[in-house]
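Colleague: The following block contains a protein sequence and its predicted model.
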Amino acid sequence: MSGQGRFISFEGIDGAGKSTHVEALADRLRSAGHNVVLTREPGGTPLAEKIRALALHEPMDALTEALLMFAARRDHLQQVIEPALARGDTVLCDRFTDATFAYQGGGRGFDWSTLSELERMVQRIPAKIEGGSDSIRQPDLTLWFDLDPDIAAQRLSGARLPDRFESQPVAFFEAVRAGYARRLAESPDRFVRIDAAQQREQVWQAVEQSARGRGWL
Ligand code: TMP
């Protein structure tokens, strides 16, 4: 449902290793002539980056956490994502709504249908013509870097000081992973699941192929 632009999101548990591939795909798409906007959630605007700092470091309950994620998303959509798609740019977003379902829904156990209501409210695109129906903004493609939480924990150990999510036990990330699997089952056409336990080069091949297969490279 993008304007002329394309919207690609990158998902996975902490330690799955997606971030280097987001940047590599941005470079690759730029060399193929795309105008690329590289952004992240929570964040991507001055206001949403302030919300990110709160959500990652201040204690709060699950509803507050979910509302902050969607508040940051609303600002990000209005200020950055929708204008970029309207210009015809390619938007690469390091995490989007699936992360809220996986982390707040799966990880924290927050009510899935309430998240769906918030999703509809925050990501609504009003109909362009009178009598038409509204739609909901979703990525055109979501790359899910799927990794066993035990391996992710080994990769993260010794890294920088963990935030409120990175410091969670492996069981939390099992639940986050199950949340991602549920989102994939709900929208199988939008998702590509990438086995993030592979060597980095093989992971990159899978990332590149997902864009090439859609004719974007
Ligand atoms: P990052 O470290 O990949 O930038 O992500 C920041 C953290 O925020 C990560 O642990 C996942 C978490 N997060 C949520 O819990 N819900 C969300 O909706 C988003 C976008 C991120």
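Modeller: Received the coordinates, thanks. Here the structure is a predicted model, which means the values were calculated and not measured.
Colleague: where in this structure is pLDDT low?
Modeller: 1-3, 159 (pLDDT under 70).
Colleague: What parts of it come near the ligand?
Modeller: Within the chain, the positions near the ligand by C-beta under 6 Å from any ligand atom are 14, 40-42, 56, 69, 95, 99-100, 103-104, 165-166. From N, CA and C alone the C-beta is placed, and that goes for glycine too.
Colleague: ranking these by neighbours, who comes first?
Modeller: residue 99 (28 neighbours; other C-beta atoms under 10 Å).
Colleague: Secondary structure and distance to residue 200 added to the residues of the chain next to the ligand, as a markdown table?
Modeller: Below are the residues of the chain next to the ligand laid out as a markdown table (DSSP: H, G, I helix; E, B strand; the rest coil; distance: C-beta to C-beta, whole Å):
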| residue | secondary structure | distance to residue 200 |
| --- | --- | --- |
| 14 | coil | 17 |
| 40 | strand | 20 |
| 41 | coil | 24 |
| 42 | coil | 26 |
| 56 | helix | 26 |
| 69 | helix | 29 |
| 95 | coil | 20 |
| 99 | helix | 22 |
| 100 | helix | 28 |
| 103 | helix | 24 |
| 104 | helix | 29 |
| 165 | coil | 23 |
| 166 | coil | 21 |
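Colleague: give the contact list for residue 15.
Modeller: 147, 151-153, 155-156, 166 (C-beta atoms under 8 Å, 6 or more residues apart in numbering).
Colleague: Likewise for residue 89?
Modeller: Applying C-beta under 8 Å, 6+ apart to residue 89 gives the contacts 5, 34-37.
Colleague: And residue 44, by the same measure?
Modeller: Applying C-beta under 8 Å, 6+ apart, we find residue 44 in contact with 72, 76, 79-81, 93.
Colleague: quick one: it is in a helix?
Modeller: No: counting by DSSP: H, G, I helix; E, B strand; the rest coil, residue 44 is not part of a helix but coil.
Colleague: Would you quantify the distance from it to residue 84?
Modeller: Distance, residue 44 to residue 84, by C-beta to C-beta, to the nearest Å: 10 Å.
Colleague: Start from the N-terminal end of this protein and give the strands.
Modeller: Counting by DSSP state E, the segments of the chain that form strands are 6-11, 36-40, 90-94, 124-125, 135-136, 141-146, 191-195.
Colleague: quick revisit: just the buried subset of the contacts of residue 15, written out for PyMOL, thanks.
Modeller: Only the buried entries of the contacts of residue 15 go into this PyMOL selection, using 16 or more other C-beta atoms under 10 Å:
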select buried, resi 147+152+153+156+166
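Colleague: just checking, which of the contacts of residue 15 belong to helices?
Modeller: Of those, the ones assigned to helices by DSSP state H are 151-153, 155-156.
Colleague: Find the centremost residue of the chain, please.
Modeller: Nearest to the geometric centre of the chain sits residue 95, at 2.0 Å (C-alpha atoms, centre = their mean).
Colleague: circling back: which one of the contacts of residue 89 is nearest to the ligand?
Modeller: Lowest distance from the ligand to the contacts of residue 89 (C-beta to the nearest ligand atom) belongs to residue 37, with 16.5 Å.
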